[in-house]
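[1] A structural model of the following input is requested.
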Amino acid sequence: MPDHKIGTRKEWQAARDELAKLESEQAVRNEEVKKKRLELPWVPVEKQYEFDTEDGKKTLAELFDGRSQLLAYNIMFGPDYAIGACPGCTSLADGLDGSLVHLSHRDVTLLCFSRAPIERLTAYKRRMGWQFPYVSTNNTDFAFDYGLALTEEQAQQIPEVQEMIKNPPAWLQEWAGQVGAELKDGMRENPSWIAFALKNGTVYHTYTVSAPDPFVAPYFNFLLERTPIAQPAEPRAWRKDEYPD
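    A predicted model of the protein is given here:
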């Protein structure tokens with residue numbers, strides 16, 4: 001355990017009061033961001049998509065499952081991933097099941113997308129013990145149309161992506177081994193949240209947010225931020241059944 005400043009209760013309270021001011025200012029800013037998010041225009045989805053689900057083929061409108069709002073997380077699990085989904089995305093998905101009942105009672109359907117074939121998604125879902133619907137966007141343009149994945153041509157036009165592929169840090173090389181894909185294929189998947197609304201029979205795209213936004217991270221990271229010892233920036237993520245112990 002690293003050394004840390006030791007102080008009196010009075011010193012702690014003074015420092016905590018100063019931090020509280022910053023947290024209050026951040027809360028106000030968050031409300032401003034929330035207001036802007038809700039003011040985004042809704043864009044009608046004009047293309048017809050058909051997805052593979054555990055219950056057969058479904059359209060985007062059918063994925064709403066009778067509700068008016070759809071919130072989905074795009075897990076990095078491309079068709080070229082020979083071993084499994086991104087461990088970081090897997091960690092995020094581990095925290096979703098507890099929200100299902102609460103969101104469904106608030107007119108929101110929660111699910112996850114990935115580009116791997118449905119058979120592989122279903123097997124991975126079973127392995128992880130997940131309950132949320134897991135939908136395959138394989139053999140559709142959906143992921144490319146909504147920025148959830150890059151085509152090979154698009155990836156080649158992004159200098160940052162190409163640099164990471166040519167000179168990958170050690171953790172990224174390890175990540176490629178964890179998912180079982182070459183980086184040129186593995187890095188074409190985009191971890192993102194995406195939201196849609198269904199009104200009068202029309203589906204509207206309302207919102208998308210992608211990494212590195214903090215919302216696109218395992219939920220336990222938010223808990224670690226409140227623990228006594230600052231956690232080191234550790235890009236390595238573990239699937240829950242693969243911890244060394």
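
[2] how far out from the middle of the chain is the longest helix seen in the chain?
    In the chain, with assignment by DSSP state H, the single longest helix is helix 9-38. On the basis of Cα atoms, centre = their mean, to the nearest Å, helix 9-38 sits 25 Å off its chain's mean C-alpha point.

[3] avg pLDDT for it?
    Mean pLDDT, helix 9-38: 96.

[4] repeat for stretch 99-115
    97.

[5] run through who's touching it.
    By Cβ atoms under 8 Å, 6 or more residues apart in numbering, the residues outside stretch 99-115 that reach it are 63-65, 67-79, 85, 93, 96, 121, 131-138, 142-143, 148-149, 189, 194. The way it works is simple: take the backbone N, C-alpha and C, and place the C-beta from them, glycine included.

[6] are any of these buried, and which?
    Buried residues within the contacts of stretch 99-115, counting neighbours by 16 or more other Cβ atoms under 10 Å: 63-64, 67, 69-79, 85, 93, 96, 121, 132-138, 142-143, 148-149, 189, 194.

[7] in strands, which of these appear?
    69, 70, 71, 72, 73, 74, 134, 135, 136, 194 (DSSP state E).

[8] in a strand, residue 57, correct?
    Yes. According to DSSP: H, G, I helix; E, B strand; the rest coil, residue 57 belongs to a strand.

[9] ok, now how distant is the closest residue to residue 203 other than its chain neighbours from residue 142?
    In this structure, residue 203 finds its nearest non-sequential neighbour in residue 45, 4.4 Å apart by Cβ to Cβ, 6 or more residues apart in numbering. The span separating residue 45 from residue 142 equals 10 Å under the rule Cβ to Cβ, to the nearest Å.

[10] shared neighbours, those two?
    residue 60.

[11] elements contacting the helix or strand bottoming out on mean pLDDT in the chain?
    When the helices and strands of the chain are scored by mean pLDDT, DSSP states H and E, helix 220-224 comes last with a mean of 76. Packing partners of helix 220-224 (3 or more Cβ pairs under 8 Å, 6 or more residues apart in numbering; DSSP states H and E): none among the helices and strands.

[12] tell me how far that helix is from the chain's mean position?
    Relative to its chain's centre, helix 220-224 lies at 15 Å (Cα atoms, centre = their mean).

[13] and the furthest pair within the ones in strands among the buried ones among the contacts of stretch 99-115?
    Based on Cβ to Cβ, the longest span within these runs between 69 and 136 and measures 21.4 Å.

[14] correct me, but residue 76 touches residue 87?
    No. Residue 76 lies out of contact with residue 87 (Cβ atoms under 8 Å); the separation is 9.4 Å.

[15] now do the shared contacts for these two.
    Both residue 76 and residue 87 are in contact with residue 179, where contact means Cβ under 8 Å, 6+ apart.

[16] buried residues, the longest helix of the chain. List them.
    Buried residues in helix 9-38, counted by 16+ other Cβ under 10 Å: none are found.

[17] strands paired with whichever helix or strand comes after it, and their directions?
    The C-terminal neighbour of helix 9-38 among helices and strands, as given by DSSP states H and E, is strand 43-44. Partners of strand 43-44 in the sheet, by DSSP bridges, are strand 202-210 (antiparallel).

[18] how far off centre is the partner strand?
    15 Å.

[19] send the alpha carbons of that strand over as PDB?
    The C-alpha coordinates for strand 202-210 follow below in PDB (Å, rounded to 0.1, in the frame of the first residue of the first chain):
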ATOM      1  CA  THR A 202     -41.400   4.800 -37.200                       C
ATOM      2  CA  VAL A 203     -38.100   4.100 -35.600                       C
ATOM      3  CA  TYR A 204     -35.800   7.000 -34.900                       C
ATOM      4  CA  HIS A 205     -32.100   7.100 -34.100                       C
ATOM      5  CA  THR A 206     -31.700   9.400 -31.100                       C
ATOM      6  CA  TYR A 207     -28.200   9.000 -29.600                       C
ATOM      7  CA  THR A 208     -24.800   7.300 -29.900                       C
ATOM      8  CA  VAL A 209     -21.700   7.600 -27.700                       C
ATOM      9  CA  SER A 210     -18.500   5.700 -28.100                       C
END
